[in-house]
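Visitor: when you get a sec, could you give me coordinates for this:
(one chain, ligands or ions: 1)
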Amino acid sequence: MFDVSAAQPQSFHDLIGQSTLTDRLLSGLSSGRIVHACVFTGASGTGKHTLARLYAQALLCQQPTQAGGCGQCPACRKLAQGNHPDLHWIDCAEKDSHGVDVVRALTQDISLRPYASRHVVVLEAAQLLTVQAQNALLKTMEEPPAGTVLILLAENLSALLSTILSRCAVLHTQPLESDVIARRLQQLGAEKDRAQAAAVLANGSMGKALSLLDDPDAWQAWQAGQATLEKLLHGQGAAEALDFLQSHRKNLGEVLTCWESALRQQMLCGQEQAFEALNACMAAREALYYNVTYSLLADALVFKILGGRHGTPC
Ligand SMILES: [Zn+2]
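Guide: Alright, predicted model coming up:
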């Protein structure tokens, strides 16, 4: 059984696909030119939370290495247990955690001497901070206690004050290629087929891929979708396919993603009929975008795939 918790990166070197960011943070740490205020921004599941955790560890570790925190010292152990007194981690998505009172209390906390070398503040979902809270935060950013490092995590930047952004290094986490995700999942012990399925559905997010591996319903839906497509490509199962699409009507976009991925793979194997089926999926995706009536969309999809059949898929 795949252990999702064991897949969490323990050092910057374990974090794949974000080398531009990790190089910048690590070179700052090794040269003493630490990034004191930064925003990690990017889609959900692209590594913002993990980067913040690793950067905080590297900043608070008593014996940091070239890959960040050592994982062994008392500070690293406290961080692993979630009770290092100098790490102030606030999830602004939690109830009553995005108002000005939270920022005032935080400012009070970090005005006191740190337990060890410095305070590290992480504000998760910082885009949810109220304007008043952001203005209070700005005041702290203008005159931060010596050594304090402030890390904001935000899915989008438009809700953050430009005056805050101008004081931060803005670092963009990037979505990953599905091949990169699949390879990493296999390295972590996932079966090849499941790793590829999770990687395709994850849409560039390692976090989503890991949660899909943990979800038996997602795997069953993937297998059912692949079996349905195979039958259609053999000229069978139109009624079953329409039933399948109906039962997955709410996540039709994901079904199309699965089918498109399988069909591209078949095209690579030289199966020309896959091209017609792929065109049918892409037309259905466009119809979905333009809110075409569901039954018309599903009928057209199924019968175009059946109609484009000329051979045996690989
Ligand atoms: Zn350490």
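
Visitor: quick one: the helices in the protein?
Guide: Applying DSSP state H to the chain gives helices spanning 19-31, 48-60, 74-81, 100-111, 131-142, 162-165, 178-187, 192-201, 206-213, 216-233, 238-247, 252-268, 273-289, 294-307.

Visitor: report the distance from the third one to the chain centre.
Guide: Helix 74-81 sits 25 Å away from the centroid of its parent chain (C-alpha atoms, centre = their mean, to the nearest Å).

Visitor: ditto for the last one
Guide: Helix 294-307 sits 33 Å away from the centroid of its parent chain (C-alpha atoms, centre = their mean).

Visitor: please name every helix or strand in contact with it.
Guide: Applying 3 or more C-beta pairs under 8 Å, 6 or more residues apart in numbering; DSSP states H and E, we find helix 294-307 packed against helix 216-233, helix 238-247, helix 273-289. C-beta coordinates here come from the backbone N, C-alpha and C atoms, glycine included.

Visitor: with just CA atoms, put the first one into PDB.
Guide: In this case it means helix 216-233. The C-alpha trace of helix 216-233 is given here as PDB (Å, rounded to 0.1, in the frame of the first residue of the first chain):
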ATOM      1  CA  PRO A 216      -9.800   4.100  -4.200                       C
ATOM      2  CA  ASP A 217     -12.900   5.700  -5.800                       C
ATOM      3  CA  ALA A 218     -10.700   7.800  -8.200                       C
ATOM      4  CA  TRP A 219      -8.800   4.700  -9.200                       C
ATOM      5  CA  GLN A 220     -11.900   2.700  -9.800                       C
ATOM      6  CA  ALA A 221     -13.400   5.500 -11.900                       C
ATOM      7  CA  TRP A 222     -10.200   5.700 -13.900                       C
ATOM      8  CA  GLN A 223     -10.300   1.900 -14.600                       C
ATOM      9  CA  ALA A 224     -13.900   2.100 -15.600                       C
ATOM     10  CA  GLY A 225     -13.300   5.000 -17.900                       C
ATOM     11  CA  GLN A 226     -10.400   3.200 -19.600                       C
ATOM     12  CA  ALA A 227     -12.500   0.000 -20.100                       C
ATOM     13  CA  THR A 228     -15.400   2.100 -21.500                       C
ATOM     14  CA  LEU A 229     -13.000   3.800 -24.000                       C
ATOM     15  CA  GLU A 230     -11.400   0.500 -25.100                       C
ATOM     16  CA  LYS A 231     -14.800  -1.000 -25.900                       C
ATOM     17  CA  LEU A 232     -15.800   2.000 -27.900                       C
ATOM     18  CA  LEU A 233     -12.600   1.800 -29.900                       C
END
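
Visitor: what packs against it?
Guide: Using 3+ C-beta pairs under 8 Å, 6+ apart, helix 216-233 is in contact with helix 192-201, helix 238-247, helix 252-268, helix 273-289, helix 294-307.

Visitor: any idea how far that helix is from the middle of the chain?
Guide: 24 Å.

Visitor: what pLDDT does the single nearest residue of the stretch 101-250 of the chain relative to the ion get?
Guide: Nearest residue of the stretch 101-250 of the chain to the ion: Ala116, at 11.0 Å (C-beta to the ion). Per-residue pLDDT puts Ala116 at 92.
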